[in-house]
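In: Build me a structure from this.
(chains A, B, C and D)
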Protein chains: 2
Amino acid sequence: MAGIKDVAAHAGVSVATVSRVLNDSPRVSEKTRDKVQAAVRALRYRPNAVARSLRTEATQTLGLIIGDILNPFFAVLARAVEDEARAAGYTVVIGNADERPEQQDHYVRTLLEQQVDGLLICPTAEATPLVEDCVRSGSPVVFLDRTLPGLEVPSVRADGTAAIHDLVRHIQRLGRRRIAFISGPELLSTGRERTRAFHEAMRACGLEVPGEYVEAGDFQEASGRAITARFLDLPEPPEVIFAGDNLMALGALDEIRARGLRIPDDVALASFDDVAWFLHLDPPITAIAQPAEELGRRAVRVLLDRVEGHPVESVVLPARLVIRRSCGETESK
Amino acid sequence: MAGIKDVAAHAGVSVATVSRVLNDSPRVSEKTRDKVQAAVRALRYRPNAVARSLRTEATQTLGLIIGDILNPFFAVLARAVEDEARAAGYTVVIGNADERPEQQDHYVRTLLEQQVDGLLICPTAEATPLVEDCVRSGSPVVFLDRTLPGLEVPSVRADGTAAIHDLVRHIQRLGRRRIAFISGPELLSTGRERTRAFHEAMRACGLEVPGEYVEAGDFQEASGRAITARFLDLPEPPEVIFAGDNLMALGALDEIRARGLRIPDDVALASFDDVAWFLHLDPPITAIAQPAEELGRRAVRVLLDRVEGHPVESVVLPARLVIRRSCGETESK
DNA sequence: AGAGATCATGTAATCGTTTCCATACACTCC
DNA sequence: GGAGTGTATGGAAACGATTACATGATCTCT
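Out: Numbering: from 1, shown residues only, chains lettered A, B, ... in the order given. Okay, here's the model as predicted:
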């Protein structure tokens, strides 16, 4: 593979000059610039980013660690992160933690060794020693979607509190009161936050939440289905089932269908997380949409600000209620 | 950041020895090994992969260029590639070409500069000069899902021919004959192949294919919807609409629903590509499933064989028909 | 006991860039 | 015309690891 030396020889100049041309430094005469560029083309020279990074101590690369690329929410996030990063001249390396702390650690370690310029993490469960370490040692890290308590790390996330209030009020106006919630894992900040918001909203609307009406799943399809089954088997089953994320909503949907119940007539369904195909279901599912693209973009901007040493602040964007038909026909205004 | 030199100083040995311990070379005494490892822990030393790569000329990184991470088919592919690569000690950098040749080129260039050890490409449209160049210059490239004619590159893909035959026969047995096909772009090998297989299958079953019953979309939702509209406006509309990929099937579904038609009673629907939520639709969609995980895994294995200089062969795996209810109730056996 | 083999360790070159500093040449100005 | 000021270029030292080769110590065998 041709190197900068070969280009220099071919153009009859020194490597320093070639390097200057490549990084279009101003101090190069028109003539030599042309000679060098001709040599570059002739030899099909391609700069070696590894060598460059070693010297400049910057890789123009960001790391992104997410729960699971197969979850549409994360896919959208990843896509947005990549687009924004590319626009800023960065490449993104995505790591799939698969919601397992040890695999998350694997990626943190690998990405740090690869000398990424910054790291975006959607943290799984509690902080691991490695993550704490790397935060403490000052690596530029930004948390995305989720946060970890007790760590001084800027984060970019959505707040669903208001939207959950809106949802409960919407349901109440449609004349239903018995709402059950499939909550997320207590270990995740998003799980905790949604559960708290649900209770608050119910109280604010003057609605009861019996203990059996809230059960924690693991954000995966199977748990959504199992919990829905238990809800429906209750002596007094709920009129509405609200799932804490899109995968558990899917599980709930399956269970409801399997029992031959109709949505929304027999039981209504709503979900946290909006995904493209909710719109295509029959009936379309009422959901709380997180601004996923915006989250991804903002996260990159915050991270790059950190990398450049600017002071940064956490970002919280509101989620919003998207009313469709799965909780009943919308009241006319 | 502590380097190998600091570790050496701390342990009272030379950098060579530290390096040997790190790469667990056998020629190190038990005692020094312990000393070095202690120093590594004490200093929280983390090897610099950039420096290592420069010296060893290997980055332990693979590049993967796909059409769009938001398409569930590619998401599954990406996930499988990553899993298999990680198992082999490699990291994967994913590039979203967004089905645009120039963006594909951007990633090819960037990934080559980053010195990836191998490149997996799902090529968009025709070969660009850059891709041809890089293939000709012997970079280890493997095509995934799609191929490019005229280039000597091993590929890993699924063949849907047999499954499309099965589908047509299935539909015929259910008593329908007028099948329309939303085909993919002529520029993509997958588009061409599916169209050819559809025609063959129809002929083999003795069914007619009027010219108006085949129209090419772009593998995106909107085109699926528009083409479906035209099909349904035909004087003699089809009894079955077969979409060439999952996104166009979604578009078709929307158009059918928007007209208040019932599936499968008024018109049946089938899709190439199976995605998780087809199962959750009402009715569940009959589809042709590609072995996406297997494709991803095999692609990595073929690529790594190439990287290691072994002779490799292209892989073709069969797609298979998954019968659900969107074409009518299955005949009892 | 001395030659030769074996083993642990160290010295220094190297990978392909960037960049600091020196240099040489051409101006301008008094 | 010599001092001063730019400007284009080159030489060579980094960056942080790996590794060929050298070295000195210890062991084995006759």
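
In: all contacts plus neighbour counts: C-alpha atoms, from now on.
Out: OK.

In: could you show me where the strands are in the stretch 151-300 of chain A, in order?
Out: Shown for the stretch 151-300 of chain A, the strands assigned by DSSP state E, counting those that start in this stretch span residues A:155-159, A:179-183, A:214-216, A:240-243, A:268-272, A:286-289.

In: Save those strands as TSV, and put in mean pLDDT too.
Out: What follows is the strands of the stretch 151-300 of chain A, written out as TSV (pLDDT from 0 to 100):
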stretch	mean pLDDT
strand A:155-159	96
strand A:179-183	96
strand A:214-216	96
strand A:240-243	97
strand A:268-272	96
strand A:286-289	97
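
In: Export these to CSV and append columns for mean neighbour count and distance to B:Asp105.
Out: CSV is the format used below for the strands of the stretch 151-300 of chain A (neighbours: other CA atoms under 10 Å in any protein chain shown; distance: least, CA to CA, whole Å):
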stretch, mean neighbour count, distance to B:Asp105
strand A:155-159, 25, 31
strand A:179-183, 27, 44
strand A:214-216, 19, 46
strand A:240-243, 27, 42
strand A:268-272, 28, 38
strand A:286-289, 25, 34
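
In: At the contact with DNA strand D, which residues of chain A appear?
Out: A:12-17, A:26-29, A:31-33, A:51, A:54-55 (CA under 7 Å from any atom of the strand).

In: what's the burial count for A:Val76?
Out: 21 (other CA atoms under 10 Å in any protein chain shown).

In: mind listing what the closest residue to A:Gly328 other than its chain neighbours touches?
Out: Residue nearest to A:Gly328 in three dimensions, not counting chain neighbours: A:Pro264, with 5.5 Å by CA to CA, 6 or more residues apart in numbering or on different chains. Listed by CA atoms under 8 Å, 6 or more residues apart in numbering or on different chains, the contact set of A:Pro264 reads A:283, A:325-328.

In: go with 10 Å
Out: Listed by CA atoms under 10 Å, 6 or more residues apart in numbering or on different chains, the contact partners of A:Pro264 are A:239-240, A:270, A:283, A:285, A:325-329.

In: out of those, which are buried?
Out: Buried by 16 or more other CA atoms under 10 Å in any protein chain shown: A:239-240, A:270, A:283, A:285, A:325-328, out of the contacts of A:Pro264.

In: Take these and write them to TSV, including distance to B:Leu187.
Out: Supplementary listing: these in TSV, determined by distance: CA to CA, whole Å:
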residue	distance to B:Leu187
A:Glu239	51
A:Val240	48
A:Ala270	41
A:Pro283	37
A:Ile285	37
A:Arg325	40
A:Ser326	41
A:Cys327	44
A:Gly328	45
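
In: Identify, from the residues you listed, the entry nearest to B:Ala97.
Out: For the buried ones among the contacts of A:Pro264, the residue nearest B:Ala97 by CA to CA is A:Ile285; the value is 31.0 Å.

In: what separates that closest one from A:Phe278, distance-wise?
Out: A:Ile285 sits at a distance of 5 Å from A:Phe278 (criterion: CA to CA, to the nearest Å).

In: repeat for A:Lys31
Out: 61 Å.

In: So for these two, which sits in the more crowded spot?
Out: A:Phe278 (22 against 8).

In: check contacts around the residue of the stretch 151-300 of chain A at minimum distance from chain B.
Out: Closest to chain B within the stretch 151-300 of chain A is A:Leu281: 6.1 Å, counting by CA to the nearest CA. Residues counted as contacts of A:Leu281 (CA under 10 Å, 6+ apart) are A:326, B:253-254, B:277-278, B:280-283.

In: go on, A:Val131?
Out: With CA under 10 Å, 6+ apart, A:Val131 has these contacts: A:104-105, A:108-109, A:121, A:123, A:137, A:141, A:151.

In: let's see it at 8 Å
Out: Taking CA under 8 Å, 6+ apart, we find A:Val131 in contact with A:105, A:108.

In: and A:Glu102, how many residues sit next to it?
Out: The burial count for A:Glu102: 14, using other CA under 10 Å.

In: How much space separates the residue of the stretch 151-300 of chain A found nearest DNA strand D from A:Ala127?
Out: In the stretch 151-300 of chain A, the residue that lies nearest DNA strand D is A:Val153 (25.1 Å; CA to the nearest atom of the strand). Remark: distance between A:Val153 and A:Ala127 (CA to CA) = 12 Å.

In: So A:Ile65 lies in a helix, does it not?
Out: No - going by DSSP: H, G, I helix; E, B strand; the rest coil, the assignment for A:Ile65 is strand, not a helix.

In: Could you give the bridge partners of it?
Out: A:Gly95, A:Ile121 (DSSP bridges).

In: you'd agree it is up against A:Ile94?
Out: Yes - assessed by CA atoms under 8 Å, A:Ile65 is found in contact with A:Ile94 at 5.9 Å.

In: ok, these two, which is more surrounded?
Out: Neighbour count, other CA under 10 Å: between A:Ile65 and A:Ile94, A:Ile65 has more, with 28 against 24.

In: That one: what's it in contact with?
Out: Residues near A:Ile65 by CA under 8 Å, 6+ apart: A:94-97, A:104, A:107-108, A:119-123.

In: and chain A, which residues reach chain B?
Out: Contact residues (CA under 8 Å from any CA of the partner chain) of chain A with chain B: A:46-51, A:53-54, A:69-70, A:72, A:75-76, A:79, A:92-94, A:96, A:113-115, A:250, A:253-254, A:277, A:280-282.

In: restrict those residues to contacts with DNA strand C.
Out: A:46-49, A:51, A:54.

In: So for the helix-or-strand element of chain A with minimal mean pLDDT, what gets flagged as buried?
Out: Sorting the helices and strands of chain A by mean pLDDT, DSSP states H and E puts helix A:129-136 at the bottom, at a mean of 91. Residues A:131, A:135 are the ones in helix A:129-136 that count as buried (16+ other CA under 10 Å).

In: what do you get for stretch A:35-49?
Out: Across stretch A:35-49, burial judged by 16+ other CA under 10 Å covers A:35-37, A:39-40, A:45-49.

In: pLDDT weak spots in chain A?
Out: Filtered on pLDDT under 70, chain A yields the residue ranges A:330-333.

In: all helices for it, in order.
Out: Along chain A, counting by DSSP state H, helices occupy A:4-11, A:15-22, A:30-43, A:49-56, A:72-87, A:101-113, A:129-136, A:161-173, A:189-204, A:221-233, A:246-258, A:292-307.

In: Mind listing residues that contact the fourth one?
Out: Okay, so that is helix A:49-56. So helix A:49-56 is contacted by A:59, B:50-51, B:53-54, B:113-115 (CA under 8 Å, 6+ apart).

In: Also the last one?
Out: Contact with helix A:292-307 is made by A:73, A:76-81, A:83-85, A:117-120, A:140-142, A:144-145, A:155-158, A:311-315, A:317, as judged by CA under 8 Å, 6+ apart.
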